[in-house]
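Asks: Just to be clear, the model below is a prediction. Sequence and coordinates:
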Amino acid sequence: MGVAFLLGLAVFAWKQLGPGSGRQLGNRVAAHLGIRRSLFYTLLVHGAKGSHLELLAALQKSKLSLEQASTELAPALSRGITRLEARFGQQDSVDVTKPIVEKLLAESDHKA
């Protein structure tokens, strides 16, 4: 029973943090955009439709460039900003990120 639990825990951790989880792409996109990782993931959690890790994993599998992945994530990041501000009010860290996300969103709208 204990071995099965530990094996299940290892599989869960591997899917959440291992290769193909999307987290590696998320870290690279956050660095590319100049957004702190913790804020980047917070925005995605609040703005993604469904699981943010599934979204990142799908983008990672599609082998998009960092710029393309950033543009694809722009709507989710924008929704995340809107939802965080509605819940917690204006935040300095979010205010710094807004122009970055607005630029990406404009690029995303322009391509569509």
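Replies: Noted; the coordinates are in hand. Since the model is a prediction, treat every value here as computed from it, not as a measurement. Numbers count the residues shown, from 1 in each chain.

Asks: residue ranges for the strands of the protein, please.
Replies: Shown for the chain, no strands are assigned by DSSP state E.

Asks: middle-most residue in it, spatially?
Replies: Leu44 (4.2 Å; Cα atoms, centre = their mean).

Asks: correct me, but that residue touches Leu77?
Replies: Yes. Taking Cβ atoms under 8 Å as the definition, Leu44 is a contact partner of Leu77 at 6.8 Å. In this view, the C-beta of every residue, glycine as well, is placed from N, C-alpha and C.

Asks: got the contact list for the residue nearest to the centre of the chain?
Replies: Gly26, His52, Leu55, Leu56, Leu73, Ala76, Leu77, Gly80 (Cβ atoms under 8 Å, 6 or more residues apart in numbering).

Asks: What about the residue lying closest to the fourth one once chain neighbours are set aside, how many residues nearby?
Replies: Going back to what we said before, that points to Leu56. Nearest residue to Leu56, sequence neighbours excluded (Cβ to Cβ, 6 or more residues apart in numbering): Gly22, at 2.7 Å. Residues near Gly22, counting by other Cβ atoms under 10 Å, number 23.

Asks: Check which residues of stretch 71-85 are buried.
Replies: Thr71, Glu72, Leu73, Ala74, Pro75, Ala76, Leu77, Ser78, Arg79, Gly80, Ile81, Leu84 (16 or more other Cβ atoms under 10 Å).

Asks: Can you name every helix or strand that the longest helix along the chain contacts?
Replies: The residue-count maximum for a helix in the chain (DSSP state H) belongs to helix 66-88. Other elements packing on helix 66-88 under the criterion 3 or more Cβ pairs under 8 Å, 6 or more residues apart in numbering; DSSP states H and E are helix 23-33, helix 37-47, helix 52-61, helix 92-111.
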